[in-house]
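Trainee: attaching a predicted model along with its sequence, questions to come.
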Amino acid sequence: MRVERHWWNGNRSLGGRRDVYIRTDGQRWEVEAQAGGVTGRSKVQQCPSQSSAEILANAWRGGRPEWRELTT
């Protein structure tokens, strides 16, 4: 799967960092919410479409506009 979109909350501390990813293989979509950086906790949810993945990612970000989108 490749990362289509990636946001983070801008907090550089390991305990405070939060990331949300949208990934796809061209047919399947998933959203991952990660807390505490690469070694922290994460939750992955499969989505039936890109639009549902976008909706879920926005919900997991809490609709906060201050989250930064990272380019891959």
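Mentor: Perfect, thanks for sending it. Residues are numbered from 1 along each chain as shown.

Trainee: which helix or strand contains residue 5?
Mentor: For residue 5, the host element (DSSP states H and E) is strand 2-8.

Trainee: may I have the strands that pair with that strand, each with its orientation?
Mentor: Applying DSSP bridges, strand 2-8 is found paired with strand 18-24 (antiparallel), strand 68-70 (antiparallel).

Trainee: quick check: mean pLDDT across the longest one?
Mentor: It stands for strand 18-24. Over the span of strand 18-24, the pLDDT mean works out to 97.

Trainee: and for that strand, what's in contact with it?
Mentor: Identification of contacts with strand 18-24 by C-beta atoms under 8 Å, 6 or more residues apart in numbering yields 1-9, 11, 29-35, 37, 50, 53-54, 57, 60-61, 67. C-beta: built from backbone N, CA, C; applies to glycine.

Trainee: state the mean pLDDT of the helix or strand containing residue 34.
Mentor: If you go by DSSP H and E, residue 34 is part of strand 29-35. Taken as a whole, strand 29-35 has an average pLDDT of 97.

Trainee: could you measure from the nearest residue to residue 1 once chain neighbours are set aside over to residue 55?
Mentor: Excluding the flanking residues, the one nearest residue 1 by C-beta to C-beta, 6 or more residues apart in numbering is residue 23, at 4.1 Å. For residue 23, the distance to residue 55 (C-beta to C-beta, to the nearest Å) stands at 15 Å.

Trainee: out of the two, name the residue with the larger neighbour count.
Mentor: Between residue 23 and residue 55, counted using other C-beta atoms under 10 Å, residue 23 has the larger neighbour count: 18 against 13.

Trainee: any idea what the more buried one is bridged to?
Mentor: residue 3, residue 30.

Trainee: of all residues in the chain, which one is nearest the centre?
Mentor: Closest residue to the average C-alpha location of the chain: residue 20 at 1.6 Å, with C-alpha atoms, centre = their mean.

Trainee: one step back: deepest-packed of the strands paired with strand 2-8, please.
Mentor: Among the strands paired with strand 2-8, strand 18-24 has the highest mean neighbour count (mean count of other C-beta atoms under 10 Å), at a mean of 20.

Trainee: measure the residue nearest to residue 1 to residue 53 for me?
Mentor: According to C-beta to C-beta, residue 23 and residue 53 sit 8 Å apart.
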